[in-house]
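**Student:** I'll drop the sequence and a predicted model, then ask my questions.
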Amino acid sequence: MSQDIDYGNLMHTAMRGLIKTVLNEVAEHGLPGAHHFFITFDTRQDGVELADWLRQRYPDEMTVVMQHWFENLEVGEDGFSITLNFGDTPEPLYIPYLAIKTFVDPSVEFGLRFESPDDEDDADLITEESIEVEVEEPDQPHDADVVSLDSFRK
């Protein structure tokens, strides 16, 4: 058994769980008020499903917006599927939680950012990512609190 607690991995699991919980609420009740999401994901991640023309246009990463029009939001254990409109063309997508790089709700100035380390040796290990959490209340000044897990690494 390891003598170290893997706080980075635990934090990533918790933050992805938060995204899953939020998406479940939206699937059940719709987007409340002015809430909307910008979700950036790695299109190269295993399990990502999108139309060939979208994959060609966005070979590395893509940002989608969940706001006024979306259909078929289904939230699963490892990811979610949704149909979004791209230039009047509805396209189904499947996005694994591990593919998500940022999740932002600008209506309340909340955002999660998952970053890969610069170290080549750890670049392919999803559990070795760092995460920054930006949380700000709407009527507070625009200086967000940022928590970086890099400071907890050895």
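**Tutor:** All right, it came through fine. Residues are numbered from 1 along each chain as shown.
**Student:** residues near the residue nearest to Q45 when sequence neighbours are not counted, how many?
**Tutor:** Take Q45 and drop its neighbours on the chain: the residue closest to it by C-beta to C-beta, 6 or more residues apart in numbering is A99, 3.5 Å away. Every residue, glycine included, has its C-beta placed from N, CA and C. For A99, the count of nearby residues is 22 (other C-beta atoms under 10 Å).
**Student:** repeat that for P59.
**Tutor:** 10.
**Student:** can you tell me the centre-most residue of the chain?
**Tutor:** Using C-alpha atoms, centre = their mean, the residue of the chain that lies closest to the mean C-alpha position is I100, 3.5 Å off.
**Student:** host element of H12?
**Tutor:** Here H12 is covered by helix 7-29, with elements defined by DSSP states H and E.
**Student:** an error on my part: the question was meant for Q56.
**Tutor:** helix 52-57.
**Student:** mean confidence for that helix?
**Tutor:** For helix 52-57, the mean pLDDT works out to 92.
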